[in-house]
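> need a 3D model of the sequence below.
(one chain, ligands or ions: 1)
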Amino acid sequence: MNDASELPEGARAILPVRGLMFDLDGTLLLSDRSLGAYDLLPGAAATLLALKHRRVPFAVLTNGSAYAPAEQAARLRSAGLPVDDEQMFTPSSVAADHMVRHGIRRVLILGSRGVGQALRDAGVETTQTGDARASEVDAVYVGWHPDCRMTDIEAACQAIWAGAKLYVASDVPFFATKQGRTIGYSFAIVGAIRRMTRSPMILTGKPSLRALRFIAGKLRVPMRYLGVVGDDPMVETIMALRGRARAFAVTTGTTNAQQWQSLPAARQPHRILTDLGELLEHLEPTGS
Ligand SMILES: [Mg+2]
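So this is what the prediction gives:
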């Protein structure tokens, strides 16, 4: 029997999906460069509401780490998206989980206030550049840090040279905002740190498989029945394909329909959506 994903592109076959993971920027909404006002994208609120009514497990995983997950969820609700605190995840959620399981107790944060909150909530001690013993840490965690200074880079390097592991929220250069493509700060910061230290890094955001496994575990959906919805072929799509999840692409963010279609076959999403509501066609009937 053919797997649905092996049918020719354009086939309208149903993909068996039991749960969904949504990207945020460019998929459900567009923010401005300062991450302030949100414009919801067409179909976003209605689709999440329909999933909620049908009791389909879903989660939002952003690569943005500026806000703690609960704070981010509250911001989404006030913009009109029905996302509960427990359905919102950031790379800091994944980092906290990984750190706790690997005995990381004290972390130097390169990021704005919200970056380390999920770590503190999980019982990990956080410290900042300039604090006493800032270099005596088990790990350095780099997230959203628009005010990063060279002294932060230096403190991170010193900690790594003293044995700290390097965790990174996002290693993606750009994300979609109302103003077009916008720089992902942690990409630039970690580039500087790794140029100095040549340290390997533990990526906690997308497209890491550890992020996909984390979400599949939270939703209790096997990865091959998980639909991954995103706007970036190098972020959500590549992650979904690596994990044998179902890749759904939107054209409202960094990538338009023509750009999706011109990708090599091995990097094509399973479906390119013209409306988020099309996801509902792919849901397995409950109880199966
Ligand atoms: Mg995106």
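
> excluding its backbone neighbours, what's nearest whichever residue of the chain sits closest to the ion?
The ion sits closest to residue 26 of the chain, with a gap of 3.8 Å, by CB to the ion. Placement of C-beta: from N, CA and C, glycine included. Of all residues not flanking residue 26 in the chain, residue 253 sits nearest, at 2.0 Å (CB to CB, 6 or more residues apart in numbering).

> ditto for residue 145
Distances taken as CB to CB, 6+ apart place residue 111 nearest to residue 145, at 4.7 Å, with adjacent residues excluded.

> hmm, residue 147 and that neighbour touching each other?
No. Here residue 111 lies out of contact with residue 147, judged by CB atoms under 8 Å, at a distance of 9.6 Å.

> which residues of this protein score low on pLDDT?
Across the chain, residues meeting the criterion (pLDDT under 70) sit at 1-12, 35, 286-288.

> residues from it in reach of the ion?
Within the chain, the positions lying close to the ion (CB under 5 Å from the ion) are 23, 25-26, 231, 253.

> switch the cut-off to 8 Å
By CB under 8 Å from the ion, the residues of the chain that approach the ion are 23-27, 62-63, 175-176, 230-232, 235-236, 253-254.

> any of those residues buried? List them.
Judged by neighbour count, with 16 or more other CB atoms under 10 Å as the criterion, the buried members of those are 23-27, 62-63, 175-176, 230-232, 235-236, 253-254.

> need the max-distance pair from the residues you listed.
Largest separation among these by CB to CB: 62 and 254, giving 14.0 Å.

> what comes up buried for the helix or strand where residue 191 lies?
Using DSSP states H and E, the element containing residue 191 is helix 185-197. Residues of helix 185-197 classed as buried: 185-187, 189-190, 192-194, 197 (neighbour count, 16+ other CB under 10 Å).

> and the very next helix or strand once past that helix, how far out from the chain's middle?
Elements were assigned by DSSP H and E; along the chain past helix 185-197, the next helix or strand is strand 202-203. Average the C-alpha atoms of strand 202-203, do the same for its chain, and the two points are 12 Å apart (CA atoms, centre = their mean, to the nearest Å).

> show me what strand 202-203 is packed against.
strand 165-168, helix 209-219 (3 or more CB pairs under 8 Å, 6 or more residues apart in numbering; DSSP states H and E).

> what are the contacting residues of the last one?
The list of residues contacting helix 209-219 from outside it, by CB atoms under 8 Å, 6 or more residues apart in numbering, reads 19, 21, 57-59, 61, 89, 91, 93-94, 97-98, 202-206, 222-223, 226, 228, 239-240, 242-243, 245.

> cool, the first one as well?
Contact partners of strand 165-168, identified using CB under 8 Å, 6+ apart, comprise 91, 95, 98-99, 104, 107, 138-142, 156, 160, 186, 190, 193-194, 197, 199-205.

> hmm, 7 Å instead?
95, 138-142, 160, 186, 190, 193, 199, 201-204 (CB atoms under 7 Å, 6 or more residues apart in numbering).

> for residue 111 and residue 147, indicate the residue with more neighbours.
Using other CB atoms under 10 Å as the criterion, residue 111 and residue 147 rank with residue 111 on top: 26 against 8.

> quick one on the thing from earlier: what about the buried ones among the residues of the chain next to the ion, which are in strands?
Filtering those for membership in strands, criterion DSSP state E, returns 175-176, 230.

> just to revisit the earlier point, is it true that the residue nearest to residue 145 touches residue 67?
No. Shown here, residue 111 and residue 67 do not form a contact pair, counting by CB atoms under 7 Å, at 11.0 Å.
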